[in-house]
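In: Output the structure for:
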Amino acid sequence: MYLSATRAADSARTTTATPAARRVGGTVIALGLVSLVTDMSAEMITAILPMYLMYGLGLGYLHLGMLDGLYTGATALLRLGGGFAADRLNRPKAVALSGYGLSAATKLGFPLVGASLGGIGTLVGLDRAGKGIRTAPRDALITAATAPEALGRAFGVHRALDTAGALLGPLLAFALLAGVAGGYDQVFVVSFCLAVVGVLILAFFVNNPPAAPGHRRATVRAALSAVTDARLRRVWLATGILGVATVGDMFLYLAIQRQLGLPPQALPLLPLGSALTFMLAAAPVGRVADRLGRWRVFLAGHLLLLGGYLALTGTASGWPIAVAVLAMHGVFYACSDGVLMAHIGPSIPDSVRATGMAVIQTTQALARAGGAVVFGIVAQTVALSTAFGFAAAALAAAVTASAVLCLRKPSP
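Out: From the prediction side, this is the model:
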């Protein structure tokens, strides 16, 4: 079976790996620091958006779902463009730099658009476009700088640093708002400054990997051949099935806030629970995935998320339930984010690696965007707890279908 073969191959590589090969290199650490300050910058703004939209502008679940879908899906098609450009030019660093620069520039636009929902949506879309451009080239840089048997650990360390930024960003935004009444402009300016620091670290401390012997310039035909490979095609399909059954993070935090009866001002602090768990779990989960099989760990993360959805159906509530949901949400990201890239990276040819990664990431982003919109429509018509019950049923079906799909032997 495919997963058994993958696991055996991973184990064989780990057995023969030298201690030096298992180390996380300087490129991975530098990219982790770039992601740390960039995520601080991004999460300062996204942490206050649900509060601002729901309680400031008085928007409903449908509008929140649409914006959440935009936030997730705006990266989608540009991931493909960014990945192919990185492969075609053989300059993943330059392409990633352009994406980080675009996201940084959007931070200065928020004070200018004020309460305009269209303006906010445009800036969110541009910020996510920058993320779409940079993500696949960045992950290709990590893959090129790491031995195949240590990829789970390398991505885990990177995602841990990335998530440290997600943890610190809301805290910094909360401190600024607590210190300066209505200090949204201060949040935007500090966010911009942090984003610029990330751009500078990438520019001066990360190099393009040397071209492999016999490296060929990427072509559309080569990219299509790689992404339609039977093994990658199954992962591609399974990722889409799982993504469309995933609820947007904004809804999860909103459900917890309402179950606990917390004031709206507490909403930006709830993502810290997920971020802290993700940060602590990312590197250990990556090492476990290297040993036990990355796809198995990826599916296990979705089962944890399923447990979180069931806990939000309203059958029980209170702080223990809320803490458990946030913990499961954080471990879900530790099991799914970098682990998925570590799983597919070695199976994609070097010349089209960024493109292949972008295809998987684009599928996931579009599926999650669609799932957020659908969930918003459902939550607009039924109670939020009931909507999470439907989401749990959908995710259970998706996990089952994905397990069957990727356990099946590929057709000859």
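In: From here on, just use CA atoms for contacts and neighbour counts.
Out: Will do.
In: Next SSE downstream of the helix or strand hosting R296?
Out: Here R296, judged by DSSP states H and E, is contained in helix 294-311. With elements assigned by DSSP H and E, the helix or strand that comes after helix 294-311 is helix 319-344.
In: Can you check what angle separates that next one from helix 294-311?
Out: Relative orientation of helix 319-344 versus helix 294-311 (axes from the mean of the first three to the mean of the last three Cα atoms, to 10 degrees): 160 degrees.
In: in helix 319-344, what's buried?
Out: Neighbour counts over helix 319-344 (16 or more other Cα atoms under 10 Å) mark 321-322, 324-344 as buried.
In: mind saving the C-alpha coords of the helix or strand where R291 lies as CSV?
Out: Using DSSP H and E, R291 maps to helix 271-292. What follows is helix 271-292, C-alpha atoms only, in CSV (Å, rounded to 0.1, in the frame of the first residue of the first chain):
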residue,chain,number,x,y,z
PRO,A,271,-6.3,32.7,19.2
LEU,A,272,-3.4,32.8,21.6
GLY,A,273,-4.5,29.4,23.0
SER,A,274,-4.3,27.8,19.6
ALA,A,275,-1.0,29.6,18.8
LEU,A,276,0.7,28.6,22.0
THR,A,277,-0.3,24.9,21.5
PHE,A,278,0.8,25.0,17.8
MET,A,279,4.2,26.6,18.8
LEU,A,280,4.9,24.0,21.4
ALA,A,281,3.7,21.0,19.3
ALA,A,282,5.1,21.9,15.9
ALA,A,283,8.6,20.6,16.2
PRO,A,284,7.8,17.5,18.2
VAL,A,285,5.0,16.6,15.9
GLY,A,286,7.3,17.1,12.9
ARG,A,287,9.8,14.6,14.4
VAL,A,288,7.0,12.1,15.1
ALA,A,289,5.8,12.5,11.5
ASP,A,290,9.3,11.8,10.2
ARG,A,291,9.2,8.5,12.1
LEU,A,292,5.6,7.3,11.9
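In: residues near A245, how many?
Out: 27 (other Cα atoms under 10 Å).
In: Report the spatially closest residue to it, excluding sequence-adjacent ones.
Out: Spatial nearest neighbour of A245, excluding adjacent residues (Cα to Cα, 6 or more residues apart in numbering): L395 at 5.0 Å.
In: same thing with A334?
Out: Counting by Cα to Cα, 6+ apart, the residue nearest A334 is A282, at 4.6 Å.
In: On the pLDDT front, check the one you found for me.
Out: pLDDT, A282: 91.
In: which residues touch it?
Out: Shown here is A282, whose contacts under the criterion Cα atoms under 8 Å, 6 or more residues apart in numbering are G156, V157, R159, A160, V331, A334, C335.
In: Distance check, the residue most central in space within the chain against A104.
Out: Of all residues in the chain, the one closest to the mean position by Cα atoms, centre = their mean is D337, 5.6 Å from it. Per Cα to Cα, to the nearest Å, D337 is found 23 Å from A104.
In: A379 now?
Out: 33 Å.
In: Could I get the buried residue list for stretch 177-189?
Out: Across stretch 177-189, burial judged by 16+ other Cα under 10 Å covers L177, Y184, D185, V187, F188, V189.
In: and the least confident of these?
Out: Looking across the buried residues of stretch 177-189, the weakest pLDDT belongs to Y184, with 70.
In: List the contacts of that one.
Out: P111, L177.
In: thinking L395 is in contact with A238, fair?
Out: No - the pair L395 / A238 is not scored as a contact, 11.8 Å apart, by Cα atoms under 8 Å.
In: What's the separation between the closest residue to A322 other than its chain neighbours and T163?
Out: Using Cα to Cα, 6+ apart and skipping the chain neighbours, the partner closest in space to A322 is I256 (6.2 Å). Using Cα to Cα, I256 is found at 21 Å from T163.
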